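In: need a structure here:
(chains A and B)
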There are 2 protein chains.
Amino acid sequence: MVKSQNITWHDSEVTKKERQEKNGHKSVVLWFTGLSGSGKSTISVALEKALFERGVRSYRLDGDNIRHGLNNNLGFSPEDRKENIRRIGEVSKLLADAGLITLTAFISPYREDRDHVREILEDGEFVEVYTKASVAACEERDPKQLYKKARAGEIKNFTGIDAPYEAPEHPEIIVDTEENSVEEAVEQIIRYLEDQKVI
Amino acid sequence: MVKSQNITWHDSEVTKKERQEKNGHKSVVLWFTGLSGSGKSTISVALEKALFERGVRSYRLDGDNIRHGLNNNLGFSPEDRKENIRRIGEVSKLLADAGLITLTAFISPYREDRDHVREILEDGEFVEVYTKASVAACEERDPKQLYKKARAGEIKNFTGIDAPYEAPEHPEIIVDTEENSVEEAVEQIIRYLEDQKVI
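Out: Take a look at the predicted model:
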């Protein structure tokens, strides 16, 4: 290929910092973790909308766009669950590199798996958001009737029933969804992002 | 969780269309394919920079950010190569859904694998960019000394030497990198994106 001698702009890649400057905000990963029914999806959808309306570029990863696509060759064995979270972490890293605030909404019950994602990201880039609610509260909501099925033995290894949930020890944000509304949770997270000068 | 009764904004997700409108351009996947040394990386880096300077949001996937991250558990067996391309396709789909013009720079020698990516994307979203150059030309450039190693038998199954490259039959764009400079290739692709009203 004939390389031009008189310009140099094609030799350098666009950096994450340049993208963030153009967007007018930093890019972090808001990693929602919590029991099924604890509010991860609802809050992250609302937050994404609120961020969008402020002109913030963000993207949300959830079961719908991950399990049917990138991770459609993974099942629910311990190895596959681990690989599921690993891949989501790696995609989050790419999205953050692309300048987007990334929201992920997965139970992600194991501390080790979440900590691995924290490790592959830069300092301050991983924002663990713990949607806190008791099993009893989540079971009462049971929006997808999953607890009912788990109690009936139709679903095995269900987090909170017959599989463990390891709550974060030092999450950046704890959203108590038994006490707070969706709006309050969204406001709490936005306040955090403002305080940290992310947005 | 207490759901607010008086607002509805949190019930709907941000759509791809809304993101595209905010960005002021559509989001497609520019899938570069061609022999090692045919110019995929050089042209895609230059194109990304040119798009960035026009205010277009884009992101580039290449060996550096994929093989060391998401696909670091894949080797070079036929199955792993297929899975490599499949995952890149799925991530491209997510990036396009996020409103970004996605550039991918991988040899991706098999028609079937590329066609699979085309299928998972919406009509018109997959833009196959064939960086065309003869094996002889690429071997003469040999920027990473890979052809030399392949000829010496140090690398097996090297595309163009002892593994096939299946050229696209109907690529959206053919960039002849034996005839055109990097700038000309970038201009050609930008013209295509303008003609198709992508940007």
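
In: just the helices in chain A please.
Out: A:16-23, A:40-53, A:63-65, A:78-97, A:111-120, A:135-141, A:146-151, A:182-195 (DSSP state H).

In: Tell me which of those helices sits nearest to residue B:23.
Out: Closest approach to residue B:23 among the helices of chain A (C-beta to C-beta): helix A:16-23, 10.5 Å. To be clear about C-beta, it is placed using only N, CA and C from the backbone, and glycine gets the same treatment.

In: which residues sit against the closest one?
Out: A:26-27, A:56-57, A:96-99, B:52, B:55, B:57 (C-beta atoms under 8 Å, 6 or more residues apart in numbering or on different chains).

In: Can you check what angle separates that helix from helix A:78-97?
Out: 60 degrees (axes from the mean of the first three to the mean of the last three C-alpha atoms, to 10 degrees).

In: Distance from helix A:16-23 to the middle of the chain?
Out: Taking C-alpha atoms, centre = their mean, to the nearest Å, the mean C-alpha location of helix A:16-23 is offset from the chain mean by 21 Å.

In: buried stuff in it?
Out: For helix A:16-23, burial by neighbour count (16 or more other C-beta atoms under 10 Å in any protein chain shown) applies to A:16, A:19-20, A:23.

In: Turn the residues you listed into CSV, including pLDDT and distance to residue A:196.
Out: Output for the buried residues of helix A:16-23, formatted as CSV (pLDDT from 0 to 100; distance: C-beta to C-beta, whole Å):
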residue, pLDDT, distance to residue A:196
A:16, 95, 17
A:19, 96, 18
A:20, 96, 13
A:23, 95, 16
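
In: Looking at those, point me to the pair that's furthest apart.
Out: So, the buried residues of helix A:16-23 by C-beta to C-beta: farthest apart are A:16 and A:23, at 10.5 Å.

In: Please identify the most buried of the helices of chain A.
Out: Most buried of the helices of chain A, by mean neighbour count (mean count of other C-beta atoms under 10 Å in any protein chain shown): helix A:40-53, with a mean of 22.

In: tell me what the lengthiest strand in chain A is packed against?
Out: Criterion DSSP state E: the longest strand present in chain A is strand A:126-132. If you count contacts as 3 or more C-beta pairs under 8 Å, 6 or more residues apart in numbering or on different chains; DSSP states H and E, strand A:126-132 packs onto strand A:29-33, helix A:111-120, strand A:173-176, helix A:182-195.

In: now for the ones you listed, which one comes closest to residue B:37?
Out: helix A:111-120 (30.6 Å).

In: any residues touching the helix or strand of chain A with the lowest mean pLDDT, and which ones?
Out: Sorting the helices and strands of chain A by mean pLDDT, DSSP states H and E puts helix A:63-65 at the bottom, at a mean of 89. The contact list for helix A:63-65 (C-beta under 8 Å, 6+ apart) reads A:105-106, B:94, B:97.

In: try it again with 10 Å
Out: A:41, A:59, A:71, A:84, A:91, A:105-107, B:13, B:90, B:93-94, B:97-98 (C-beta atoms under 10 Å, 6 or more residues apart in numbering or on different chains).

In: ditto for stretch A:159-167
Out: Here stretch A:159-167 has contacts from A:33-38, A:76, A:78, A:81, A:107-114, A:130, A:132-136, A:138-139, A:146-147, A:149-151, A:153, A:155-157, A:174, using C-beta under 10 Å, 6+ apart.

In: how about 8 Å then?
Out: Applying C-beta under 8 Å, 6+ apart, the external contacts of stretch A:159-167 come out as A:34-36, A:107, A:109-111, A:130, A:132, A:135, A:138-139, A:147, A:150-151, A:156-157.

In: where does the least confident helix or strand of chain A sit relative to the chain's centre, distance-wise?
Out: 12 Å.

In: ok, now stretch A:22-39?
Out: For stretch A:22-39, the distance to the chain centre is 5 Å (C-alpha atoms, centre = their mean).

In: Check which residues of it are buried.
Out: So, applying 16+ other C-beta under 10 Å, buried residues of stretch A:22-39: A:23, A:25-39.

In: same deal with stretch A:163-177?
Out: Buried-residue list, stretch A:163-177, by 16+ other C-beta under 10 Å: A:163, A:165, A:168, A:171-173, A:175, A:177.

In: Which member of those residues is positioned nearest residue B:187?
Out: Nearest to residue B:187 among the buried residues of stretch A:163-177, with distances taken as C-beta to C-beta, is residue A:172, at 45.3 Å.

In: I figured the closest one hits residue A:195, correct?
Out: No - using C-beta atoms under 8 Å, residue A:172 makes no contact with residue A:195, being 10.7 Å away.

In: mind showing which ranges of chain A have poor pLDDT?
Out: Along chain A, segments meeting pLDDT under 70 span A:1-11.

In: which residues touch residue A:61?
Out: A:88, A:91-92, A:95, A:102-106, B:94.

In: I'd like the residues you listed as CSV, with distance to residue B:118 appended.
Out: Output for these, formatted as CSV (distance: C-beta to C-beta, whole Å):
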residue, distance to residue B:118
A:88, 25
A:91, 21
A:92, 26
A:95, 23
A:102, 26
A:103, 28
A:104, 27
A:105, 29
A:106, 29
B:94, 16
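
In: quick one: which of the residues you listed is nearest to residue A:122?
Out: Set against residue A:122, the nearest of these by C-beta to C-beta is residue A:92 (12.0 Å).

In: distance between the ends of stretch A:145-158?
Out: Chord length of stretch A:145-158, first to last residue, is 12 Å (C-alpha to C-alpha, to the nearest Å).

In: In space, what's closest to the residue most central in space within chain A - neighbours in sequence excluded?
Out: Residue closest to the mean C-alpha point of chain A, counted by C-alpha atoms, centre = their mean, is residue A:104 at 1.9 Å. In this structure, residue A:104 finds its nearest non-sequential neighbour in residue A:61, 4.7 Å apart by C-beta to C-beta, 6 or more residues apart in numbering or on different chains.
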